[in-house]
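Engineer: Take a look and give me a structure for this.
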Amino acid sequence: MISVIICSNNPVLLKNVRENIHETIGESFEILYFDNRVAMKGICKVYNELALKAQFPYLCFVHEDVIFATQEWGKNVIEIFSKDEETGLIGIAGCKYKSAYFSGWFSNVKELDCANYIHRYPTKDESVNLSPKKDAKLEEVVCIDGVFMCCKKKTWSDFPFNENLLKGFHFYDIDFSLRIAHYQKVVVTYDISLIHITKGGDYGNNWVRIAMDYHEQMKDQLPYTKTLTNHNLADKSVIKATLDFLKNYNITFSNKKEWIIRQKLYLYPEFYYGILKFLLYKPLRLKSFHNLLKNK
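Structural biologist: Presented below is the predicted three-dimensional model:
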């Protein structure tokens, strides 16, 4: 009943996740994958090409660096779709608000962020559990993280991945979920446990450039939410959280400068501390200094 779709660049990870899916999905399935090491096609193009070949009515787009910890998770997916015909897309992490400011899905607002997964680092596991409502099994959101996305094949057919706009490997998930959210429900489930084998995402210059260009393209459609939200407070949190997150990555000064100027962040003194860290934290290697202080 489920076609699992994977864009691969690591044969070992692909082998492991295929075995894991076979052991855990608990439903009839097929795995469609494309070895993208040579062709280096954009992920939107790969996903569209594979989805077109899918035999089953449900599609699961998943990264290869994951481990499913929930047995019979495929049954959970089908049950969610069966219980509510308005549901078009399922993820394990997402947000009820997408700001017009340059950002990913995360807002750092407790009432807006939803997630249930485990980051596996070389020395430890880190659980990420974000739930605005206590004991909720599902939360409706407007954008989700692309590590795990399940939809009906008809939903994909109506809203295929935007390969003309997004030719790389970023923002395909936010764009896909936002377009679906205007017409169907996009939800985060807490009933599927996923371990993400983290090796460090690419949030450097390429991500920054695509983020700026994508938000410029979407400026007439953002912000977007389906819930009552103080946009001003949410935007402030998004700006601060994104600046703090990006401070750890190698980004050229020219891109950092453009990031600040295009959003006119320099007009707001409350962002000055975040801007300063964004500009200097990585070049001055302040993380090592902070770690030293913590150890002492």
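
Engineer: tell me the mean pLDDT for the helix or strand that contains Cys150?
Structural biologist: With the criterion set as DSSP states H and E, the secondary-structure element containing Cys150 is strand 148-152. Here the mean pLDDT over strand 148-152 is 98, rounded to a whole number.

Engineer: any residues touching it, and which ones?
Structural biologist: Residues from elsewhere that reach strand 148-152 (C-beta atoms under 8 Å, 6 or more residues apart in numbering): 2, 57-63, 66, 77, 81, 88-92, 117, 173, 176-177, 180, 192, 194. (C-beta placed from N, C-alpha, C; glycine too.)

Engineer: ditto for stretch 194-205
Structural biologist: Around stretch 194-205, the neighbours that count as contacts under C-beta under 8 Å, 6+ apart are 13, 63, 65-70, 92, 116-121, 125, 147-148, 169-170, 207, 245-246, 249-252, 255.

Engineer: which of the residues you listed are buried?
Structural biologist: By the neighbour-count criterion of 16 or more other C-beta atoms under 10 Å, the contacts of stretch 194-205 include these buried positions: 13, 63, 65-68, 70, 92, 116-118, 120, 147-148, 169-170, 207, 246, 249, 251, 255.

Engineer: What about those residues, which are in strands?
Structural biologist: If you go by DSSP state E, the buried ones among the contacts of stretch 194-205 have 66-68, 116-118, 120, 148 in strands.

Engineer: Leu50: which of the residues you listed is nearest?
Structural biologist: Phe148 (15.7 Å; C-beta to C-beta).

Engineer: Tell me the bridge partners for that closest one.
Structural biologist: Val62 (DSSP bridges).

Engineer: how close does it sit to Pro57?
Structural biologist: 18 Å (C-beta to C-beta, to the nearest Å).

Engineer: so where's the protein uncertain?
Structural biologist: 199-200, 287-296 (pLDDT under 70).

Engineer: mind checking the longest helix of it?
Structural biologist: Counting residues, the longest helix in the chain under DSSP state H turns out to be helix 231-246.

Engineer: what residues does that one touch?
Structural biologist: Contacts made with helix 231-246 from outside it, assessed by C-beta under 8 Å, 6+ apart, are listed as 97, 99-104, 106-109, 112, 203, 208, 223, 225, 259, 263, 265, 270-271, 274-275, 277-278.

Engineer: Then stretch 153-165?
Structural biologist: The contact list for stretch 153-165 (C-beta under 8 Å, 6+ apart) reads 3, 42-45, 47-48, 51, 54, 56-59, 88-89, 172, 175-176, 179-180, 183-184, 214, 217.

Engineer: chain center to that stretch, what's the gap?
Structural biologist: On the basis of C-alpha atoms, centre = their mean, to the nearest Å, stretch 153-165 sits 17 Å off its chain's mean C-alpha point.

Engineer: do stretch 39-57 as well
Structural biologist: Using C-alpha atoms, centre = their mean, the offset of stretch 39-57 from its chain centre is 18 Å.
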